[in-house]
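*Asks:* mind looking at a prediction? Sequence and model below.
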Amino acid sequence: MAAASFLLSPRVTLPLRRGSRLLVSCSATSSSSSSDAAGGVGFQGRVGFLGLGIMGAPMASNLMKAGCDITVWNRTKSKCDPLLSLGAKMAPYRFESSPARVASSCDVTFAMLADPESAFEVACGANGAAEGMAAGKGYVDVSTVDDATSKLIGKRITSTGASFLEAPVSGSKKPAEDGLLIFLTAGDESLYKRVAPLLDVMGKSRFYLGDVGNGAAMKLVVNMVMGSMMVSFAEGLLLSEKVGLDPNTVVEVISQGAINAPMFSLKGPSMVKAAYPTAFPLKHQQKDLRLALALAESVSQPIPTAAAANELYKVAKSLGLADQDFSAVIEALKAEMQSSQH
Ligand SMILES: NC(=O)C1=CN([C@@H]2O[C@H](COP(=O)(O)OP(=O)(O)OC[C@H]3O[C@@H](n4cnc5c(N)ncnc54)[C@H](OP(=O)(O)O)[C@@H]3O)[C@@H](O)[C@H]2O)C=CC1
Ligand SMILES: O=CC(=O)O
């Protein structure tokens, strides 16, 4: 994998709201180009958004609030309602909505889907986005998928003459709501530059990493580390309780030391109470570990800690915790503790 890696303009002026200074402007009538008479960075054109789950809904909503002309689609139609009430469009007038119709009516279309299978289906399946793509249009896939799937999607999209950018995000539900995501992009560099104003509405920083596949790989490396860290943290909380310590104090001690991470302070207190309000679904964390294991296998790299963590997330899924937050993996450890006591 070629790795041309550099950080472009980290940004801190967020979130944008109606009435505040706009860094982006979108127009329903013009075709895409970048310029802004008001002196800010501009994007002109219609924006499609496919997939309005935990992440997609607030991302699309931030684009709406920044003044973009947004057309949305989601498999479960009711999830479009909050965006429609903000002024988003659905399919073009008279037609049944589909990813293809959104793509054909928009200059740039974003997709935020669950996994490789759904990302591929929405882009390349029947009535998929590719059917609505053409030269001059762009497709930006922000889902977390493996590099092979991303390349397949990119190949199909570019076969229509359109351009393709993969742009998975680091950051969870709250950063998505606050417009503070980190974009890990790769693919068509001119599309990257064209959609940069939109990325800057949804995120606090963006990396352009070169060839398609590098963004996906970067995301999997980061989430492999995160998944293993969460398991180690959960083990620490349970061990502290077992030896008579207060796990809340463990959270506090960790927060003041060199291994401090926002994730521990954020999730620790609710984990101690056995509450797992979903920000990052456990099923997606397990998917990312599964994909990271395959990535490592492809280059004969041993990742034993991540492999062990993956097993625990699988146990957690089998306990019915797939849709809970990934911090619920601590319940798999509790179950293992109980079964080892019998
Ligand atoms: N949540 C988080 O903290 C983060 C998540 N991610 C990644 O972002 C992506 C989305 O995550 P998130 O929003 O949390 O996930 P959700 O499970 O909340 O949303 C998944 C979306 O994918 C759609 N979908 C699933 N299967 C299909 C299918 N077969 N055909 C069409 N649409 C489908 C869902 O539609 P429907 O509503 O109909 O089910 C929904 O819009 C994942 O790849 C995840 O790994 C990345 C960073 C952070
Ligand atoms: O993919 C999850 C995240 O928090 O980033």
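*Replies:* Great, that's in hand. Numbers count the residues shown, from 1 in each chain. Ligands and ions are numbered 1, 2, ... in the order given.
*Asks:* show me what from the stretch 51-200 of the chain comes close to ligand 2.
*Replies:* S170, G171, S172 (C-beta under 6 Å from any ligand atom). C-beta: built from backbone N, CA, C; applies to glycine.
*Asks:* can you check the residues you listed and name whichever has the most neighbours?
*Replies:* Among those, the one with the most neighbours (other C-beta atoms under 10 Å) is S172, at 22 neighbours.
*Asks:* do you know how far it is from R46?
*Replies:* Here S172 is placed at a distance of 28 Å from R46 (C-beta to C-beta, to the nearest Å).
*Asks:* residues near R290, how many?
*Replies:* 16.
*Asks:* check the one 10 residues further on too.
*Replies:* Other residues lying near S300 total 6 when counted by other C-beta under 10 Å.
*Asks:* secondary structure added to the residues of the stretch 51-200 of the chain next to ligand 2, as CSV?
*Replies:* Compiled in CSV, those are given as follows (DSSP: H, G, I helix; E, B strand; the rest coil):
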residue, secondary structure
S170, strand
G171, coil
S172, coil
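*Asks:* adding pLDDT, write the residues you listed out as TSV.
*Replies:* Shown next, in TSV, are those (pLDDT from 0 to 100):
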residue	pLDDT
S170	98
G171	96
S172	95
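*Asks:* nearest residue to the middle of the protein?
*Replies:* V169 (4.2 Å; C-alpha atoms, centre = their mean).
*Asks:* list the buried residues for the strand or helix carrying E311?
*Replies:* Assigned by DSSP states H and E, E311 belongs to helix 304-318. Residues A306, A309, N310, L312, Y313, V315, A316, K317 are the ones in helix 304-318 that count as buried (16 or more other C-beta atoms under 10 Å).
*Asks:* repeat that for stretch 69-78.
*Replies:* D69, I70, T71, V72, W73, N74.
*Asks:* try stretch 144-158
*Replies:* Neighbour count says stretch 144-158 has 144-147, 149-154, 156-158 buried, by 16+ other C-beta under 10 Å.
*Asks:* how about the chain: which residue is closest to ligand 1?
*Replies:* G53 (2.0 Å; C-beta to the nearest ligand atom).
*Asks:* three-state assignment of that residue?
*Replies:* coil.
*Asks:* likewise the one 10 residues further on?
*Replies:* When the structure is split into helix, strand and coil by three-state DSSP, L63 lands in helix.
*Asks:* these two touch, right, it and D200?
*Replies:* No: counting by C-beta atoms under 8 Å, L63 sits too far from D200 to count as a contact (10.8 Å).
*Asks:* now M218. Nearest residue, chain neighbours left out?
*Replies:* L184 (4.5 Å; C-beta to C-beta, 6 or more residues apart in numbering).
*Asks:* next, the contact list for the one you found, please.
*Replies:* A167, P168, V169, S170, F207, L209, G215, M218, K219, V222 (C-beta atoms under 8 Å, 6 or more residues apart in numbering).
*Asks:* any idea how far the second one lies from V222?
*Replies:* Yep, that's P168 we're talking about. 9 Å.
*Asks:* have a look at the two and say which one is more surrounded.
*Replies:* It is P168, of P168 and V222, that has more neighbours when counted by other C-beta under 10 Å, with 26 against 17.
*Asks:* tell me who's in contact with the closest residue to the more buried one other than its chain neighbours.
*Replies:* Nearest residue to P168 in three dimensions, chain neighbours excluded: K219, at 3.9 Å (C-beta to C-beta, 6+ apart). K219 makes contact with T144, P168, V169, S170, L184, D288, according to C-beta under 8 Å, 6+ apart.
*Asks:* change it to 10 Å
*Replies:* K219 sits next to 142-147, 150, 166-170, 182-184, 209, 288, 291-292 when contact means C-beta atoms under 10 Å, 6 or more residues apart in numbering.
*Asks:* keep only those of those residues that are in strands.
*Replies:* E166, V169, S170, I182, F183, L184, L209 (DSSP state E).
*Asks:* the fourth one contacts A176, correct?
*Replies:* The one in question is I182. No: between I182 and A176 no contact is recorded; they are 11.0 Å apart, counting by C-beta atoms under 10 Å.
*Asks:* quick check: neighbours shared by the two?
*Replies:* Common neighbours of I182 and A176 (C-beta under 10 Å, 6+ apart) are V169, G203.
*Asks:* give me the more crowded residue out of those two.
*Replies:* Neighbour comparison, I182 and A176: the larger count goes to A176, with 24 against 20 (by other C-beta under 10 Å).
*Asks:* what's the nearest residue to that one if we skip its chain neighbours?
*Replies:* P58 (4.3 Å).
*Asks:* perfect, I'm done here.
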